[in-house]
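# coords please:
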Amino acid sequence: MTEPTGIATLGINLNIFIAQLINFVVVLLVLWKFAYGPIVKMLDERSKKIEDSIKLSDEVNTRVKKLEVEQKEVIASAKQEAMLILEAARNDAETRKQELLATAKKEVERVVQQGKEQLKAEKTQMIQEVKTELVGIVVAATKKILESEVDEKTSHKIASDVIEKMS
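Just a heads-up that it's a prediction; the model follows:
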């Protein structure tokens with residue numbers, strides 16, 4: 001037998017090695033085409049989705065922070081407006097109170113003035129009545145005095161008695 005030379009010394013048959021190499025390349029190409037490509041494509045898509053989700057999450061966080069700041073500003077603005085409205089209401093209430101007090105004061109003054117005028121009218125009426133009664137008393141006293149002739153002292157006494165009876 002002849003001694004193997006070259007690659008054959010390693011125990012490798014060159015024809016089988018080339019056939020296996022071709023089979024390996026064919027399997028490698030088939031796997032590359034149908035397995036590795038779609039897997040890499042799927043992993044790239046998944047990677048892109050994850051990156052997009054992270055970007056979206058960052059955007060949402062940024063928007064949430066902006067909305068929180070805006071919410072605080074709106075609340076502060078609303079509180080300030082509420083304070084202004086409350087102050088305006090207090091001022092309006094105070095103005096209305098002053099107007100009502102002034103109106104009540106004028107009404108009281110009008111009632112007092114009417115009372116004074118009524119008292120004045122009643123006083124005038126009473127004076128008139130007293131004058132009328134006094135005239136009646138004087139007439140009655142004069143009749144009495146004329147009916148009897150009496151001295152001055154007795155006439156005063158009769159006039160006093162008549163006035164007491166009339167009272």
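
# Now the phi/psi pair for Ile12, please.
With angles defined as degrees, to the nearest 10, Ile12 sits at phi -110, psi 130.

# how close does it get to Ala19?
Per CB to CB, to the nearest Å, Ile12 is found 12 Å from Ala19. The way it works is simple: take the backbone N, C-alpha and C, and place the C-beta from them, glycine included.

# got it, and Leu43?
34 Å.

# which residues make contact with stretch 100-108 from outside it?
For stretch 100-108, there are no external contacting residues (CB atoms under 8 Å, 6 or more residues apart in numbering).

# May I see the buried residues of it?
Within stretch 100-108, no residue counts as buried by 16 or more other CB atoms under 10 Å.

# all strands for this protein, in order.
Shown for the chain, no strands are assigned by DSSP state E.

# where does it dip in pLDDT?
Applying pLDDT under 70 to the chain flags the ranges 1-8, 145, 147-152, 155, 166-167.

# quick one, longest helix in it?
Longest helix of the chain, by residue count under DSSP state H: helix 37-147.

# Report the distance from it to the chain centre.
Between the centre of helix 37-147 and the centre of its chain there are 14 Å (CA atoms, centre = their mean, to the nearest Å).

# next one: stretch 21-37
Distance, centroid of stretch 21-37 to centroid of chain: 76 Å (CA atoms, centre = their mean).

# That one: which residues count as buried?
Applying 16+ other CB under 10 Å to stretch 21-37 flags no residue as buried.

# just the CA coordinates of that stretch, formatted as PDB?
Provided in PDB are the C-alpha atoms of stretch 21-37 (Å, rounded to 0.1, in the frame of the first residue of the first chain):
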ATOM      1  CA  LEU A  21     -17.700  21.500   2.300                       C
ATOM      2  CA  ILE A  22     -20.200  22.000  -0.600                       C
ATOM      3  CA  ASN A  23     -23.000  20.600   1.600                       C
ATOM      4  CA  PHE A  24     -22.000  22.900   4.500                       C
ATOM      5  CA  VAL A  25     -22.000  25.900   2.100                       C
ATOM      6  CA  VAL A  26     -25.400  25.000   0.700                       C
ATOM      7  CA  VAL A  27     -26.800  24.500   4.200                       C
ATOM      8  CA  LEU A  28     -25.200  27.800   5.300                       C
ATOM      9  CA  LEU A  29     -26.700  29.600   2.300                       C
ATOM     10  CA  VAL A  30     -30.200  28.100   2.900                       C
ATOM     11  CA  LEU A  31     -30.000  29.000   6.700                       C
ATOM     12  CA  TRP A  32     -28.700  32.500   5.800                       C
ATOM     13  CA  LYS A  33     -31.500  33.000   3.300                       C
ATOM     14  CA  PHE A  34     -34.400  31.400   5.300                       C
ATOM     15  CA  ALA A  35     -33.400  31.600   8.900                       C
ATOM     16  CA  TYR A  36     -30.700  34.100   9.700                       C
ATOM     17  CA  GLY A  37     -32.200  36.900   7.500                       C
END
